[in-house]
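Student: Quick one, fold the following:
(chains A and B)
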Amino acid sequence: MAYFQMSTLALKWVLSKPATNRYPFEPRRALPGSRGTLVFSKDTCVYCTMCAKKCPTGALVVNRAHKKWTIDRLLCITCGYCVEACPKKRLALGTAHATPAVTKDRESY
Amino acid sequence: MPRTIIPFGPQHPVLPEPVHLDLVVEDEKVLEARPSIGFIHRGLEKLVEKKDYIEFVYIAERICGICSFIHGQTYCQAIETIMNVAVPPRASYLRTVWGELSRIHSHLLWLGLMADAVGFESLFMHSWRVRERVLNVIEATTGGRVIFGSCKIGGVRRDISADALKQMLADLKKIEQDTHDITKVFLNDSSVKDRLCGVGVLSRQDAYDLGSVGPMLRASGVAQDMRQLGYAAFKDLDFTPITRTEGDSYARCAVRCQEVFQSIDLIRQALGKIPEGEIAVKVTGNPNGEVLARTEQPRGEVAYCLKANGSKNLQRFRVRTPTFANLPAMLKLLPGCELADVPVLVLTIDPCISCTER
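Tutor: Okay, here's the model as predicted:
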(Lines give C-alpha, C1' and ligand atoms only; values in the text may rest on other atoms or scores of the structure.)
Protein backbone atom coordinates (compact mmCIF):
# COMPACT_ATOMS: atom_id res chain seq x y z
CA MET A 1 0.00 0.00 0.00
CA ALA A 2 2.67 2.43 -1.09
CA TYR A 3 0.17 5.24 -1.59
CA PHE A 4 -1.22 5.19 1.94
CA GLN A 5 1.94 5.27 4.06
CA MET A 6 1.40 8.90 4.96
CA SER A 7 -2.34 8.53 5.55
CA THR A 8 -1.87 6.39 8.66
CA LEU A 9 0.62 8.86 10.08
CA ALA A 10 -1.60 11.83 9.23
CA LEU A 11 -4.67 10.14 10.72
CA LYS A 12 -2.80 9.33 13.92
CA TRP A 13 -1.85 13.00 14.32
CA VAL A 14 -5.23 14.40 13.34
CA LEU A 15 -6.66 12.50 16.28
CA SER A 16 -3.95 13.39 18.81
CA LYS A 17 -2.98 16.51 20.73
CA PRO A 18 -1.00 19.06 18.69
CA ALA A 19 2.77 18.77 19.02
CA THR A 20 3.15 22.53 19.12
CA ASN A 21 2.62 24.87 22.08
CA ARG A 22 -0.17 27.44 21.99
CA TYR A 23 2.25 30.34 22.24
CA PRO A 24 1.82 33.06 23.59
CA PHE A 25 -0.97 31.58 25.77
CA GLU A 26 1.31 28.73 26.80
CA PRO A 27 4.90 29.95 26.82
CA ARG A 28 7.56 27.27 26.62
CA ARG A 29 8.90 26.28 30.01
CA ALA A 30 12.69 26.05 30.12
CA LEU A 31 13.93 22.58 30.96
CA PRO A 32 15.80 22.20 34.26
CA GLY A 33 19.51 22.51 33.58
CA SER A 34 18.98 24.65 30.51
CA ARG A 35 21.67 27.29 30.11
CA GLY A 36 19.76 30.56 30.27
CA THR A 37 20.90 33.97 31.42
CA LEU A 38 23.83 34.56 33.74
CA VAL A 39 22.77 35.45 37.27
CA PHE A 40 25.10 37.59 39.42
CA SER A 41 24.85 37.98 43.19
CA LYS A 42 26.52 41.16 44.28
CA ASP A 43 26.73 40.54 48.04
CA THR A 44 29.99 38.62 48.43
CA CYS A 45 31.67 39.40 45.13
CA VAL A 46 35.31 40.36 45.69
CA TYR A 47 35.74 41.82 42.19
CA CYS A 48 38.72 39.58 41.52
CA THR A 49 38.08 39.97 37.71
CA MET A 50 38.58 36.24 37.19
CA CYS A 51 35.25 35.95 35.33
CA ALA A 52 36.13 38.81 33.00
CA LYS A 53 39.55 37.29 32.29
CA LYS A 54 38.03 33.92 31.38
CA CYS A 55 35.08 35.24 29.37
CA PRO A 56 35.73 34.10 25.78
CA THR A 57 33.62 36.86 24.20
CA GLY A 58 34.56 39.78 26.42
CA ALA A 59 30.95 40.19 27.59
CA LEU A 60 32.01 40.68 31.19
CA VAL A 61 33.95 43.75 32.32
CA VAL A 62 34.83 44.11 35.98
CA ASN A 63 36.31 47.21 37.55
CA ARG A 64 37.96 46.41 40.82
CA ALA A 65 38.67 50.02 41.84
CA HIS A 66 35.06 51.16 41.37
CA LYS A 67 33.56 47.83 42.44
CA LYS A 68 31.57 47.53 39.24
CA TRP A 69 30.56 44.33 37.51
CA THR A 70 29.08 44.79 34.03
CA ILE A 71 27.75 42.44 31.42
CA ASP A 72 26.77 42.86 27.79
CA ARG A 73 23.89 40.41 27.47
CA LEU A 74 24.09 40.46 23.69
CA LEU A 75 27.71 39.31 23.76
CA CYS A 76 27.24 36.64 26.42
CA ILE A 77 27.06 33.14 24.93
CA THR A 78 26.04 31.54 28.27
CA CYS A 79 28.92 29.09 28.06
CA GLY A 80 29.32 28.96 31.83
CA TYR A 81 33.11 29.35 31.82
CA CYS A 82 32.83 32.28 34.28
CA VAL A 83 30.63 30.19 36.57
CA GLU A 84 33.40 27.58 36.76
CA ALA A 85 36.08 30.23 37.23
CA CYS A 86 34.40 32.25 40.01
CA PRO A 87 36.29 31.51 43.27
CA LYS A 88 33.41 32.78 45.46
CA LYS A 89 30.67 30.98 43.46
CA ARG A 90 28.76 34.24 43.00
CA LEU A 91 27.76 33.43 39.42
CA ALA A 92 25.18 30.95 38.21
CA LEU A 93 23.35 30.12 35.03
CA GLY A 94 19.59 30.50 35.39
CA THR A 95 17.17 28.59 33.20
CA ALA A 96 15.22 31.65 32.03
CA HIS A 97 16.26 32.87 28.62
CA ALA A 98 17.24 36.47 27.96
CA THR A 99 14.46 38.87 27.10
CA PRO A 100 14.70 40.77 23.82
CA ALA A 101 16.80 43.93 24.11
CA VAL A 102 16.00 47.20 22.41
CA THR A 103 19.31 48.94 23.06
CA LYS A 104 22.85 47.65 23.31
CA ASP A 105 23.40 48.61 26.94
CA ARG A 106 25.70 47.02 29.47
CA GLU A 107 24.05 45.92 32.68
CA SER A 108 25.97 47.25 35.69
CA TYR A 109 25.95 45.96 39.25
CA MET B 1 17.38 24.58 -28.20
CA PRO B 2 20.16 27.05 -27.30
CA ARG B 3 22.10 26.64 -24.11
CA THR B 4 21.14 28.84 -21.20
CA ILE B 5 22.87 29.55 -17.91
CA ILE B 6 20.54 29.53 -14.92
CA PRO B 7 21.92 30.92 -11.67
CA PHE B 8 20.95 28.68 -8.76
CA GLY B 9 21.47 29.97 -5.22
CA PRO B 10 22.99 31.25 -2.96
CA GLN B 11 19.46 32.21 -1.88
CA HIS B 12 17.00 29.62 -3.07
CA PRO B 13 13.64 28.52 -1.66
CA VAL B 14 14.62 24.89 -1.20
CA LEU B 15 18.30 25.33 -0.51
CA PRO B 16 19.22 25.72 3.14
CA GLU B 17 22.83 26.64 2.44
CA PRO B 18 24.43 29.45 0.45
CA VAL B 19 26.07 27.62 -2.43
CA HIS B 20 25.89 29.18 -5.85
CA LEU B 21 25.70 27.10 -8.99
CA ASP B 22 25.72 28.33 -12.56
CA LEU B 23 23.73 25.64 -14.29
CA VAL B 24 24.32 25.32 -18.01
CA VAL B 25 21.04 23.90 -19.28
CA GLU B 26 19.70 22.78 -22.60
CA ASP B 27 15.94 22.52 -22.44
CA GLU B 28 15.37 21.08 -18.93
CA LYS B 29 18.59 19.06 -18.89
CA VAL B 30 21.59 20.23 -16.91
CA LEU B 31 24.77 19.95 -18.97
CA GLU B 32 27.25 21.47 -16.58
CA ALA B 33 27.31 22.93 -13.09
CA ARG B 34 29.86 25.59 -12.16
CA PRO B 35 29.98 26.08 -8.42
CA SER B 36 31.09 29.04 -6.40
CA ILE B 37 31.25 29.32 -2.66
CA GLY B 38 32.65 32.01 -0.40
CA PHE B 39 29.51 33.80 0.75
CA ILE B 40 29.89 33.06 4.44
CA HIS B 41 33.59 32.85 5.16
CA ARG B 42 34.04 33.81 8.80
CA GLY B 43 37.77 33.42 9.32
CA LEU B 44 37.44 31.01 12.23
CA GLU B 45 40.77 29.30 11.50
CA LYS B 46 42.59 32.61 11.84
CA LEU B 47 40.98 33.16 15.27
CA VAL B 48 43.41 30.67 16.86
CA GLU B 49 45.83 33.58 16.95
CA LYS B 50 43.44 35.63 19.10
CA LYS B 51 41.84 33.05 21.38
CA ASP B 52 43.80 30.71 23.59
CA TYR B 53 43.54 26.97 23.08
CA ILE B 54 41.02 26.49 25.91
CA GLU B 55 38.67 29.25 24.73
CA PHE B 56 38.91 27.95 21.20
CA VAL B 57 36.65 24.99 22.07
CA TYR B 58 33.72 27.43 21.95
CA ILE B 59 34.74 28.60 18.49
CA ALA B 60 35.29 25.04 17.24
CA GLU B 61 31.73 24.27 18.37
CA ARG B 62 30.46 27.21 16.36
CA ILE B 63 32.02 26.07 13.08
CA CYS B 64 28.78 24.28 12.36
CA GLY B 65 25.33 24.84 13.80
CA ILE B 66 24.23 21.23 13.40
CA CYS B 67 27.20 19.01 14.17
CA SER B 68 28.50 21.49 16.73
CA PHE B 69 29.19 18.97 19.46
CA ILE B 70 31.32 16.71 17.27
CA HIS B 71 33.37 19.72 16.11
CA GLY B 72 34.09 20.58 19.74
CA GLN B 73 34.82 16.96 20.55
CA THR B 74 37.24 16.57 17.64
CA TYR B 75 39.08 19.73 18.65
CA CYS B 76 39.33 18.52 22.25
CA GLN B 77 40.53 15.10 21.11
CA ALA B 78 43.22 16.74 18.99
CA ILE B 79 44.48 18.90 21.89
CA GLU B 80 44.30 15.93 24.29
CA THR B 81 46.42 13.88 21.88
CA ILE B 82 49.09 16.60 21.69
CA MET B 83 49.14 17.06 25.46
CA ASN B 84 48.88 13.34 26.30
CA VAL B 85 45.78 13.85 28.41
CA ALA B 86 43.85 10.69 29.27
CA VAL B 87 40.12 11.46 29.29
CA PRO B 88 38.21 9.69 32.09
CA PRO B 89 36.12 6.76 30.76
CA ARG B 90 32.84 8.30 31.91
CA ALA B 91 33.62 11.46 29.95
CA SER B 92 34.35 9.37 26.84
CA TYR B 93 31.00 7.64 27.17
CA LEU B 94 29.16 10.92 27.70
CA ARG B 95 30.85 12.35 24.60
CA THR B 96 29.73 9.30 22.65
CA VAL B 97 26.14 9.65 23.84
CA TRP B 98 25.98 13.36 22.98
CA GLY B 99 27.72 12.77 19.66
CA GLU B 100 25.13 10.18 18.69
CA LEU B 101 22.26 12.42 19.84
CA SER B 102 23.72 15.09 17.62
CA ARG B 103 23.80 12.61 14.72
CA ILE B 104 20.14 11.72 15.29
CA HIS B 105 19.06 15.36 15.28
CA SER B 106 21.17 16.14 12.21
CA HIS B 107 19.74 13.19 10.26
CA LEU B 108 16.17 14.06 11.26
CA LEU B 109 16.78 17.64 10.18
CA TRP B 110 18.12 16.37 6.86
CA LEU B 111 15.14 14.05 6.40
CA GLY B 112 12.85 17.04 6.95
CA LEU B 113 14.74 19.14 4.42
CA MET B 114 14.66 16.29 1.95
CA ALA B 115 10.88 15.96 2.37
CA ASP B 116 10.67 19.72 1.79
CA ALA B 117 12.83 19.46 -1.34
CA VAL B 118 10.61 16.78 -2.85
CA GLY B 119 7.55 18.89 -1.99
CA PHE B 120 6.24 16.77 0.88
CA GLU B 121 5.56 19.53 3.40
CA SER B 122 3.67 17.50 5.99
CA LEU B 123 6.43 14.91 6.18
CA PHE B 124 8.90 17.76 6.68
CA MET B 125 6.87 18.94 9.68
CA HIS B 126 6.68 15.42 11.10
CA SER B 127 10.46 14.94 10.80
CA TRP B 128 11.10 18.16 12.67
CA ARG B 129 8.52 17.24 15.28
CA VAL B 130 10.55 14.13 16.08
CA ARG B 131 13.73 16.19 16.02
CA GLU B 132 12.23 18.46 18.65
CA ARG B 133 12.07 15.51 21.05
CA VAL B 134 15.78 14.89 20.47
CA LEU B 135 16.55 18.57 21.05
CA ASN B 136 14.66 18.40 24.36
CA VAL B 137 16.81 15.45 25.48
CA ILE B 138 19.89 17.42 24.49
CA GLU B 139 18.73 20.55 26.30
CA ALA B 140 17.87 18.62 29.45
CA THR B 141 21.31 16.97 29.58
CA THR B 142 23.68 19.63 28.24
CA GLY B 143 21.81 22.89 28.76
CA GLY B 144 21.88 23.89 25.10
CA ARG B 145 19.73 22.86 22.18
CA VAL B 146 22.14 23.16 19.29
CA ILE B 147 25.36 24.49 20.78
CA PHE B 148 25.86 21.96 23.54
CA GLY B 149 28.84 23.67 25.20
CA SER B 150 29.46 20.56 27.25
CA CYS B 151 32.81 19.41 25.89
CA LYS B 152 36.07 20.71 27.30
CA ILE B 153 39.69 19.78 27.08
CA GLY B 154 40.23 16.94 29.51
CA GLY B 155 36.66 15.71 29.65
CA VAL B 156 33.15 17.12 29.76
CA ARG B 157 31.56 19.96 31.71
CA ARG B 158 28.42 18.22 32.90
CA ASP B 159 27.52 14.84 34.21
CA ILE B 160 24.20 13.15 33.58
CA SER B 161 22.50 11.86 36.71
CA ALA B 162 21.19 8.29 36.92
CA ASP B 163 17.59 9.59 36.79
CA ALA B 164 18.31 11.68 33.72
CA LEU B 165 19.89 8.65 32.03
CA LYS B 166 16.73 6.65 32.73
CA GLN B 167 14.63 9.47 31.35
CA MET B 168 16.84 9.57 28.27
CA LEU B 169 16.22 5.86 27.67
CA ALA B 170 12.47 6.40 27.98
CA ASP B 171 12.65 9.34 25.55
CA LEU B 172 14.73 7.29 23.12
CA LYS B 173 11.96 4.71 23.02
CA LYS B 174 9.47 7.37 21.91
CA ILE B 175 11.95 8.83 19.42
CA GLU B 176 12.53 5.38 17.97
CA GLN B 177 8.81 4.77 17.54
CA ASP B 178 8.24 8.18 15.95
CA THR B 179 11.25 7.77 13.66
CA HIS B 180 9.96 4.35 12.67
CA ASP B 181 6.66 5.96 11.62
CA ILE B 182 8.28 8.64 9.48
CA THR B 183 11.01 6.48 7.92
CA LYS B 184 8.29 4.08 6.78
CA VAL B 185 6.96 6.94 4.65
CA PHE B 186 10.41 7.97 3.39
CA LEU B 187 11.30 4.45 2.35
CA ASN B 188 7.98 3.13 1.06
CA ASP B 189 5.84 6.02 -0.12
CA SER B 190 5.59 5.99 -3.89
CA SER B 191 5.69 9.79 -4.32
CA VAL B 192 8.94 10.02 -2.35
CA LYS B 193 10.38 7.06 -4.23
CA ASP B 194 9.44 8.63 -7.58
CA ARG B 195 11.61 11.62 -6.74
CA LEU B 196 14.55 9.68 -5.30
CA CYS B 197 14.94 6.27 -6.93
CA GLY B 198 17.51 6.26 -9.71
CA VAL B 199 18.21 9.99 -9.31
CA GLY B 200 21.89 10.91 -9.11
CA VAL B 201 23.52 7.51 -9.18
CA LEU B 202 27.09 7.58 -7.87
CA SER B 203 29.00 4.39 -8.54
CA ARG B 204 31.15 2.80 -5.87
CA GLN B 205 34.32 3.56 -7.84
CA ASP B 206 33.35 7.21 -8.42
CA ALA B 207 32.43 7.70 -4.76
CA TYR B 208 35.81 6.30 -3.74
CA ASP B 209 37.84 8.15 -6.39
CA LEU B 210 36.18 11.50 -5.69
CA GLY B 211 36.92 11.16 -1.98
CA SER B 212 33.32 11.14 -0.76
CA VAL B 213 32.73 10.61 2.92
CA GLY B 214 29.93 9.63 5.26
CA PRO B 215 26.47 8.54 4.15
CA MET B 216 27.31 9.61 0.58
CA LEU B 217 30.13 7.04 0.42
CA ARG B 218 28.26 4.37 2.35
CA ALA B 219 25.22 4.66 0.06
CA SER B 220 27.53 3.71 -2.81
CA GLY B 221 28.64 0.56 -1.05
CA VAL B 222 31.90 1.54 0.70
CA ALA B 223 31.74 0.56 4.37
CA GLN B 224 33.85 3.40 5.74
CA ASP B 225 32.98 5.02 9.03
CA MET B 226 35.45 6.91 11.21
CA ARG B 227 33.75 5.58 14.33
CA GLN B 228 35.52 2.33 13.50
CA LEU B 229 38.74 4.07 14.56
CA GLY B 230 37.43 3.58 18.10
CA TYR B 231 37.68 7.14 19.38
CA ALA B 232 35.74 8.11 22.54
CA ALA B 233 33.83 4.98 23.63
CA PHE B 234 33.29 3.50 20.18
CA LYS B 235 36.02 0.93 20.81
CA ASP B 236 33.74 -0.72 23.38
CA LEU B 237 30.55 -0.54 21.31
CA ASP B 238 29.41 -3.00 18.73
CA PHE B 239 28.34 -1.68 15.34
CA THR B 240 28.87 -2.17 11.63
CA PRO B 241 28.61 0.70 9.13
CA ILE B 242 25.32 0.84 7.25
CA THR B 243 25.78 0.52 3.52
CA ARG B 244 23.64 0.35 0.43
CA THR B 245 24.73 -0.58 -3.05
CA GLU B 246 22.40 1.43 -5.31
CA GLY B 247 24.27 4.75 -4.90
CA ASP B 248 21.21 6.84 -5.81
CA SER B 249 19.38 9.51 -3.79
CA TYR B 250 17.05 6.88 -2.34
CA ALA B 251 20.05 4.89 -1.04
CA ARG B 252 21.46 8.02 0.62
CA CYS B 253 18.10 8.66 2.25
CA ALA B 254 17.86 5.03 3.38
CA VAL B 255 21.36 5.07 4.87
CA ARG B 256 20.48 8.13 6.94
CA CYS B 257 17.16 6.62 8.04
CA GLN B 258 18.92 3.47 9.23
CA GLU B 259 21.69 5.45 10.89
CA VAL B 260 19.14 7.09 13.16
CA PHE B 261 18.24 3.64 14.50
CA GLN B 262 21.91 2.68 14.67
CA SER B 263 22.65 5.79 16.75
CA ILE B 264 19.76 4.97 19.09
CA ASP B 265 21.21 1.48 19.49
CA LEU B 266 24.70 2.90 20.13
CA ILE B 267 23.34 5.24 22.83
CA ARG B 268 21.58 2.30 24.49
CA GLN B 269 24.78 0.27 24.42
CA ALA B 270 26.76 3.20 25.82
CA LEU B 271 24.23 3.85 28.58
CA GLY B 272 24.34 0.16 29.48
CA LYS B 273 28.11 0.20 29.89
CA ILE B 274 28.74 3.74 31.18
CA PRO B 275 31.18 3.55 34.12
CA GLU B 276 31.01 5.71 37.25
CA GLY B 277 33.78 8.13 38.07
CA GLU B 278 35.32 11.47 37.22
CA ILE B 279 34.10 13.45 34.23
CA ALA B 280 37.17 15.60 33.66
CA VAL B 281 40.85 15.85 34.45
CA LYS B 282 42.72 19.08 35.08
CA VAL B 283 44.79 20.19 32.14
CA THR B 284 47.85 22.35 32.77
CA GLY B 285 50.49 23.76 30.46
CA ASN B 286 50.34 24.58 26.79
CA PRO B 287 50.22 22.23 23.81
CA ASN B 288 53.33 21.67 21.73
CA GLY B 289 53.26 19.53 18.60
CA GLU B 290 51.23 18.68 15.58
CA VAL B 291 48.29 16.35 15.26
CA LEU B 292 45.60 15.16 12.88
CA ALA B 293 42.32 14.12 14.49
CA ARG B 294 39.51 12.42 12.60
CA THR B 295 35.97 11.74 13.69
CA GLU B 296 32.70 10.80 12.05
CA GLN B 297 30.20 13.60 11.86
CA PRO B 298 26.61 13.12 10.70
CA ARG B 299 27.75 14.27 7.26
CA GLY B 300 30.92 12.18 7.20
CA GLU B 301 34.55 12.32 8.17
CA VAL B 302 35.97 15.54 9.57
CA ALA B 303 39.72 16.03 9.81
CA TYR B 304 41.34 18.54 12.18
CA CYS B 305 44.97 19.48 11.72
CA LEU B 306 46.49 21.40 14.62
CA LYS B 307 49.96 22.81 15.05
CA ALA B 308 51.04 24.17 18.40
CA ASN B 309 54.36 25.66 19.49
CA GLY B 310 54.12 25.60 23.26
CA SER B 311 52.40 28.95 23.60
CA LYS B 312 48.82 29.66 24.70
CA ASN B 313 47.66 30.17 21.13
CA LEU B 314 47.85 27.54 18.43
CA GLN B 315 50.09 28.25 15.48
CA ARG B 316 47.87 26.76 12.82
CA PHE B 317 44.43 25.25 12.75
CA ARG B 318 42.86 23.64 9.75
CA VAL B 319 39.58 21.79 9.33
CA ARG B 320 38.51 19.65 6.43
CA THR B 321 34.78 19.28 6.72
CA PRO B 322 32.69 16.49 5.20
CA THR B 323 30.82 18.80 2.83
CA PHE B 324 34.10 19.95 1.32
CA ALA B 325 34.94 16.31 0.60
CA ASN B 326 31.50 15.66 -0.87
CA LEU B 327 31.35 18.66 -3.21
CA PRO B 328 33.27 16.96 -6.09
CA ALA B 329 30.81 14.06 -5.94
CA MET B 330 27.89 16.50 -6.07
CA LEU B 331 29.33 18.13 -9.19
CA LYS B 332 29.70 14.69 -10.74
CA LEU B 333 25.99 13.99 -10.13
CA LEU B 334 24.58 17.20 -11.61
CA PRO B 335 25.48 16.96 -15.33
CA GLY B 336 22.75 15.03 -17.12
CA CYS B 337 20.08 15.48 -14.46
CA GLU B 338 16.76 17.27 -14.81
CA LEU B 339 16.64 20.88 -13.61
CA ALA B 340 13.92 19.97 -11.09
CA ASP B 341 16.22 17.36 -9.53
CA VAL B 342 19.03 19.83 -8.79
CA PRO B 343 17.75 20.79 -5.29
CA VAL B 344 17.34 17.11 -4.41
CA LEU B 345 20.85 16.27 -5.60
CA VAL B 346 22.41 19.20 -3.79
CA LEU B 347 20.58 18.12 -0.65
CA THR B 348 21.60 14.47 -0.84
CA ILE B 349 25.17 15.38 0.09
CA ASP B 350 23.71 17.12 3.17
CA PRO B 351 25.53 20.36 2.38
CA CYS B 352 26.85 22.50 5.16
CA ILE B 353 28.53 25.38 3.41
CA SER B 354 29.11 27.34 6.61
CA CYS B 355 31.24 24.41 7.87
CA THR B 356 33.06 24.25 4.57
CA GLU B 357 33.97 27.92 4.56
CA ARG B 358 34.53 28.22 8.30
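Student: Would you map the strands across chain A?
Tutor: A:38-40, A:60-63, A:68-71, A:91-93, A:107-108 (DSSP state E).
Student: closest to residue B:233 out of the ones you listed?
Tutor: strand A:91-93 (27.3 Å; C-beta to C-beta). To be clear about C-beta, it is placed using only N, CA and C from the backbone, and glycine gets the same treatment.
Student: near chain B, anything from that closest one?
Tutor: Yes: using C-beta under 8 Å from any C-beta of the partner chain, strand A:91-93 reaches chain B at residue A:93.
Student: Run through who's touching that strand.
Tutor: A:35-41, A:51, A:78, A:80, A:82-83, B:143 (C-beta atoms under 8 Å, 6 or more residues apart in numbering or on different chains).
Student: Partner strands of it and their direction?
Tutor: Under the criterion DSSP bridges, strand A:91-93 sits next to strand A:38-40 (antiparallel) in its sheet.
Student: Pull out the buried residues from the contacts of strand A:91-93.
Tutor: Buried by 16 or more other C-beta atoms under 10 Å in any protein chain shown: A:35, A:37-38, A:40, A:51, A:78, A:80, A:82-83, B:143, out of the contacts of strand A:91-93.
Student: Contact residues of chain A facing chain B?
Tutor: A:2-3, A:5-6, A:9-10, A:12-13, A:19, A:31-35, A:56, A:77-81, A:84, A:93.
Student: Give the PyMOL command for selecting the buried subset of those.
Tutor: Selecting only the buried entries of the residues of chain A next to chain B in PyMOL, with 16+ other C-beta under 10 Å as the criterion:
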select buried, chain A and resi 5+6+9+13+31+33+34+35+56+77+78+79+80+81+93
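Student: residue of chain A with the smallest distance to chain B?
Tutor: residue A:35 (3.6 Å; C-beta to the nearest C-beta).
Student: Thought residue A:81 was touching that residue, still the case?
Tutor: No: look at residue A:35 against residue A:81 with C-beta atoms under 8 Å: they stay out of range, at 11.4 Å.
Student: Any chance of CSV for the contacts of strand A:91-93, columns pLDDT and distance to residue B:59?
Tutor: CSV is the format used below for those (pLDDT from 0 to 100; distance: C-beta to C-beta, whole Å):
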residue, pLDDT, distance to residue B:59
A:35, 85, 17
A:36, 84, 22
A:37, 86, 22
A:38, 86, 19
A:39, 85, 25
A:40, 85, 25
A:41, 82, 29
A:51, 88, 19
A:78, 86, 15
A:80, 84, 16
A:82, 88, 17
A:83, 88, 19
B:143, 85, 18
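Student: Give me the subset of those residues lying in helices.
Tutor: A:51, A:82-83 (DSSP state H).
Student: Buried residues in stretch B:191-206, which are they?
Tutor: Here stretch B:191-206 shows B:191-193, B:195-196, B:199-200, B:202, B:206 as buried, counting by 16+ other C-beta under 10 Å.
Student: Next, see if it gets close to chain A.
Tutor: Yes: Stretch B:191-206 is in contact with chain A by C-beta under 8 Å from any C-beta, via residue B:193.
Student: mind checking pLDDT for residue B:125?
Tutor: Residue B:125 carries a pLDDT value of 90.
Student: circling back to that earlier point, what distance do you get for the closest residue to the residue of chain A closest to chain B other than its chain neighbours to residue B:67?
Tutor: Closest residue in space to residue A:35, ignoring its immediate chain neighbours: residue B:143 at 3.6 Å, by C-beta to C-beta, 6 or more residues apart in numbering or on different chains. According to C-beta to C-beta, to the nearest Å, residue B:143 and residue B:67 sit 18 Å apart.
Student: returning to that earlier point: any chance of a markdown table for the contacts of strand A:91-93, columns distance to residue B:6?
Tutor: Formatted as a markdown table, these follow (distance: C-beta to C-beta, whole Å):
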| residue | distance to residue B:6 |
| --- | --- |
| A:35 | 44 |
| A:36 | 46 |
| A:37 | 47 |
| A:38 | 49 |
| A:39 | 53 |
| A:40 | 55 |
| A:41 | 60 |
| A:51 | 53 |
| A:78 | 43 |
| A:80 | 48 |
| A:82 | 51 |
| A:83 | 52 |
| B:143 | 45 |
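Student: For the stretch 201-350 of chain B, just list every one of the strands.
Tutor: B:288-297, B:300-309, B:314-320 (DSSP state E, counting those that start in this stretch).
Student: so can I have CSV of the ones you listed showing mean pLDDT and distance to residue B:80?
Tutor: Formatted as CSV, those follow (pLDDT from 0 to 100; distance: least, C-beta to C-beta, whole Å):
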stretch, mean pLDDT, distance to residue B:80
strand B:288-297, 90, 9
strand B:300-309, 91, 11
strand B:314-320, 89, 14
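Student: which residues touch the closest residue to residue A:97 other than its chain neighbours?
Tutor: Leaving aside its chain neighbours, residue A:97 sits nearest to residue A:36 (4.9 Å; criterion: C-beta to C-beta, 6+ apart). If a contact means C-beta under 8 Å, 6+ apart, then residue A:36 has A:30, A:78, A:93-98 as its contacts.
Student: Residue B:85 now?
Tutor: Here residue B:85 is in contact with B:79, B:153-154, B:281, B:283 (C-beta under 8 Å, 6+ apart).
Student: So of the residues you listed, which two are at opposite extremes in space?
Tutor: Across the contacts of residue B:85 (C-beta to C-beta), the longest gap, 12.6 Å, separates B:79 and B:281.
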